[in-house]
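Colleague: Based on what follows, work out the 3D shape:
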Amino acid sequence: MPWKNRPTEKLYWTISEVAELIGVNASILRYWESEFDEIQPHKNKKGNRLFTKADIENIQTIHYLVKVKGYTLSGAKEQLKANKVAIATKAEAVNKLQEIKEYLLQLKSFLD
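Modeller: Next up, the predicted model:
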């Protein structure tokens with residue numbers, strides 16, 4: 001289930017929650033954090049990462065560029081600098097289409 005549609009709106013998400021929402025390992029998120037200035041999670045007293053909505057949106061955009069469009073990390077950085085708004089819009093559209101696909105597959109399995 002996409003994070004935007006959760007019934008209670010949280011201020012912060014843990015790295016494991018974000019990894020599950022995006023569909024990547026936590027280690028990838030930690031690596032992307034070191035590579036992209038756009039990802040800057042807060043850290044609590046224990047040093048655990050706490051991600052905001054803005055962080056998650058940036059991660060979704062990076063995920064779209066790297067995993068969907070096939071950019072290298074340096075290519076993704078260049079694309080982010082060049083046209084962040086258009087990329088974020090496309091990433092949001094892809095996420096919405098994936099939600100619809102999941103719903104339709106669930107509906108199909110229910111009808112079978």
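
Colleague: Buried residues in the helix or strand hosting residue 107, which are they?
Modeller: Taking DSSP states H and E as the criterion, residue 107 maps to helix 73-111. Buried residues in helix 73-111, counted by 16 or more other CB atoms under 10 Å: 76, 77, 79, 80, 87, 88, 90, 91, 92, 95. C-beta: built from backbone N, CA, C; applies to glycine.

Colleague: tell me which strands and helices it is in contact with?
Modeller: On a contact count with 3 or more CB pairs under 8 Å, 6 or more residues apart in numbering; DSSP states H and E, helix 73-111 meets helix 26-35, helix 53-63.

Colleague: okay, those, which one's buried deepest?
Modeller: helix 53-63 (a mean of 20; mean count of other CB atoms under 10 Å).

Colleague: any idea how far it is from the chain center?
Modeller: Distance of helix 53-63 from the chain centroid (CA atoms, centre = their mean, to the nearest Å) equals 4 Å.

Colleague: and the angle from it to helix 26-35?
Modeller: Helix 53-63 and helix 26-35 are oriented at 100 degrees to each other (axes from the mean of the first three to the mean of the last three CA atoms, to 10 degrees).

Colleague: how close does residue 90 sit to residue 97?
Modeller: Per CB to CB, to the nearest Å, residue 90 is found 11 Å from residue 97.
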